[in-house]
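Colleague: using only what follows, build the 3D model:
(2 chains)
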Amino acid sequence: MDLFTEGDPIADTRAPDGPIETRWERRRFEAKLVNPANRRKMTVIVVGTGLAGGSAAATLAEQGYRVKSYCYQDSPRRAHSIAAQGGINAAKNYRNDGDSVHRLFYDTVKGGDFRSRESNVHRLAEVSVNIIDQCVAQGVPFAREYGGLLDTRSFGGAQVQRTFYARGQTGQQLLLGAYQALERQIGLGNVEMYARHEMLELIVVDGKARGIVVRDMVTGEITTEFADAVVLASGGYGNVFYLSTNAKGCNVTATWRAHRKGAYFANPCYTQIHPTCIPVSGDHQSKLTLMSESLRNDGRVWVPKAKGDDRDPRDIPEDERDYYLERIYPSFGNLVPRDIASRAAKNVCDEGRGVGPTKLGVYLDFADAIDRLGRKAIEAKYGNLFEMYERITGEDPYEVPMRIYPAVHYTMGGLWVDYDLQSTIPGLFVIGEANFSDHGANRLGASALMQGLADGYFVLPNTVANYLAAGPFEKVDATHPAAVAARRDVEDRIQRLLAIDGDRTVDSFHRELGQIMWEHCGMERSEAGLRKAIDEIRALRDEFWQRVRVPGNGEGLNQSLEKAGRVADFFELAELMCIDALHREESCGGHFRAEHQTPEGEAQRDDERFAYVAAWEFTATGEPSVLHKEDLNFEYVHPTQRSYK
Amino acid sequence: MNLTLRIWRQSGPQDKGRMVTYQVDDVSPDMSFLEMLDVLNERLILAGDEPIAFDHDCREGICGMCGLMINGDAHGPQRGTTACQLHMRQFKDGDTIDIEPWRARAFPVIKDLVVNRNAFDKIIAAGGYVTAPTGSAPEAHSVPVAKADADAAFESAACIGCGACVAACPNGSGMLFTAAKVTQLSLLPQGQPERFTRVIGMVDAHDEAGFGGCTNAGECTVVCPKGIPLTTIGRLNRDYLAATTRHADTPGT
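Modeller: Numbering: from 1, shown residues only, chains lettered A, B, ... in the order given. Here you go, the predicted model:
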């Protein structure tokens, strides 16, 4: 059976043309508006309360719409954006070091290995400066210089210092800013907040997204909720790998359910493997912990020159160490983009030069920086990260070099959206990591926070009006056949999961799925490996539906049931990821195909054949998906082979 | 190592609840505390028992979702560490460990070790923000902030809202949580216009939610995984006093 079929090309019909600097302004001017009196008559559902969802819900409520906000955590403040450490990029050029909107745009398109849309990325760079203003006004305590002005630092893939930060907790501080704006709107009665509620289905009426089916995770009650537009801000799908830096609850269910209802899924194979995470310590491992990329500002990455060198790292003399990033990439050194740093770490470990008990690790060494700047300065910059490392590993990184290894961190793929961030289902908007739009095949560090807040504060609140201008739409309630059917599907699925009563736990399946994905759809992919993975995923999925044991019932808090539903969706996504990776016979960014590399082992793109977005249409369970191609055109940044040497 | 766990089991809000003893063997010192509970839960599921419900999400000490009383200490024996970041090397072979939920009037138990902390959100909604609607912000550099103030604001802003302070307090007070936000915003120029309405709104919401009063016992700051200092409560009290006396005739207070 063919793995997929090819359908008609798809185009971003909302994207304006003309000079790139004027496109966003023009789109805003051309878009229809909704007058304030009419906004009160319209409801928008926002799923997820991270940087994108929290900022969007707050902003839409400020504009006068009625907002219903949902999150699976016990409070909107806990969304996983909170764990972002390093910083947020903005083209402020406060350093006078040659930065500009155009340079941020250029760096992001190049960093994404020429697989993103120029128009989207330029808009992102433009609004980046407004984000910093907004967050400062909210009382976000960014790091400052002694003169009282904002401090910035460097991040991977850039030669300017444009990253604003709040110690190693930038995501936390930005999220709390958005959360507080959201709580203000909740207090004012403009937002109805539903914590511990999980979206399990999308309701589509007459071709438009009109609501969702949610499960109250405390009571088990399943309800249908309606609105004039639905916004998904439910994050990425890195947990398909089981082990990742995502929070345990992060899942693909909201976007996958929407995909099954008609929203195309774009570039699912683009996965970011972050180079600096704490290595796995054993089979009990439940998640991986990131060490911020900002550490690469001062830490030097190395392995022993000799294979199997088991000496204490402090006993290995300078000339027997290989600072391989500085050696291979002299101009960017330790600050090469993430995909490059990750693959380089894998390569030295594959050569047998890895360190630590599992030999899957490299050193990140601060000895030089401590000599140069003093321990105090390093403590001030990275103290909390060093403490976290010590808590987890029991080793003191001020004395012994850190051990790090790449781990799944972020997913560039997501639901396909047009320039207005609207999916292929009218009325369904997708923002933040949940969409595919801005990072191409590789995201630069400190750009996820930028994109989440750009979408939520500045882009969506402008573009959604163009859609809502045709509203309010005809009222829909729980008795509508589409709502009844969606609700019944959810109830049936829950009953089916509970009824299997097999002999394996949900986690055991999830862990096994993760191993398949890491092995064959991780840092390096090949045709043979991907074909094998697809067979294994299908077999494991069948086994899941026969052997999984979900204890308890659907009434009340049941964490096993929650996990089972999410893992069931991960199985379907995993297969599509492998098919996408298999069909893309080139290497680009985070997608590295063993068959397609330069003589020096770098990613080799094939712009002739693959300069497009792969947007996948769901047909039916077990049936091949349909591939729709959106051509990417580069008018401003000419695609070249990325060089960081 | 081999451990004996005594864990609070409560099937729902109406259930009385009880401690139940479990034996867990072959625990690796490199496991996190929650990974040790994962191992126990896997075993319970296969044995046909209900796994233990506990809250957790990021497992890197920042989301604030996890929270367990471990041998009577909020988040367990290691200072400055959330339960998810606590590792089993902090325990010895043969130890007996008591695991209970947060216990406070304002945090009712939902099931087993899971409690409802919605009261914290209500405190924030009552004033824990700067009113700055999207788009209205001035240029970020138009208002410099002294580095010392920015750093001190950050120290308070580091609160993760886990509720350990409440669980440790003999009065079940949420004053450290409230004071952390009041302090952050009252140290920054952006927080000044609403400084006094904020503190009154938040303290009122705190009291309405069923938290107890603060008697400076200081247990909160000892267990706080982010080290929020007790001096924040002093600052809250000063602002509260100013708001209710000196500024009593100021509109909006």
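Colleague: for residue B:32, give me phi and psi.
Modeller: Backbone torsions of residue B:32, given as degrees, to the nearest 10, read phi -80, psi 160.
Colleague: ok, it - contacts?
Modeller: Applying C-beta atoms under 8 Å, 6 or more residues apart in numbering or on different chains to residue B:32 gives the contacts A:286, A:392, B:59, B:84-88. C-betas here are computed from N, CA, C, even on glycine.
Colleague: distance of it relative to residue A:83?
Modeller: From residue B:32 across to residue A:83, the span is 15 Å (C-beta to C-beta, to the nearest Å).
Colleague: again, but for residue B:8
Modeller: Distance of residue B:8 to residue A:83, computed by C-beta to C-beta: 28 Å.
Colleague: which one's more surrounded, the two?
Modeller: More neighbours surround residue A:83 than the other of residue B:8 and residue A:83, with 23 against 19 (other C-beta atoms under 10 Å in any protein chain shown).
Colleague: what's the burial count for the residue in the stretch 1-150 of chain A that chain B sits nearest to?
Modeller: Taking C-beta to the nearest C-beta, chain B has its nearest neighbour within the stretch 1-150 of chain A at residue A:148, 2.9 Å off. Counted with other C-beta under 10 Å, the neighbours of residue A:148 add up to 16.
Colleague: am I right that it is in a helix?
Modeller: No - in this structure, residue A:148 is coil, not part of a helix, as judged by DSSP: H, G, I helix; E, B strand; the rest coil.
Colleague: residues contacting it?
Modeller: Residues in contact with residue A:148 (C-beta under 8 Å, 6+ apart) are B:144-147, B:150.
Colleague: and the helix ranked longest in chain A, what other elements does it pack with?
Modeller: In chain A, assigned by DSSP state H, the helix with the most residues is helix A:559-583. On a contact count with 3 or more C-beta pairs under 8 Å, 6 or more residues apart in numbering or on different chains; DSSP states H and E, helix A:559-583 meets helix A:253-260, helix A:481-500, helix A:506-521, helix A:527-547, strand A:612-617, strand A:625-631.
Colleague: where does the stretch 1-150 of chain A dip in pLDDT?
Modeller: Scanning the stretch 1-150 of chain A for pLDDT under 70 picks out A:1.
Colleague: show the pLDDT at residue B:248.
Modeller: Turning to residue B:248, the model gives it a pLDDT of 55.
Colleague: so the residue of chain B found nearest chain A is in which element?
Modeller: Closest approach of chain B to chain A (C-beta to the nearest C-beta) occurs at residue B:144, with a separation of 2.9 Å. Using DSSP states H and E, residue B:144 is not contained in any helix or strand.
Colleague: that one contacts residue A:147, correct?
Modeller: Yes - shown here, residue B:144 and residue A:147 form a contact pair, counting by C-beta atoms under 8 Å, at 6.6 Å.
Colleague: who has more neighbours, these two?
Modeller: Neighbour tally, residue B:144 and residue A:147, criterion other C-beta under 10 Å: the higher count belongs to residue B:144, 15 against 8.
Colleague: give me every residue that touches that one.
Modeller: Residue B:144 makes contact with A:144, A:147-149, according to C-beta under 8 Å, 6+ apart.
Colleague: poorly predicted segments of chain A, please.
Modeller: Where chain A drops to pLDDT under 70, the residues are A:1.
Colleague: how is it divided into domains?
Modeller: A:4-270+A:412-468, A:274-409, A:481-611 (automatic domain parsing).
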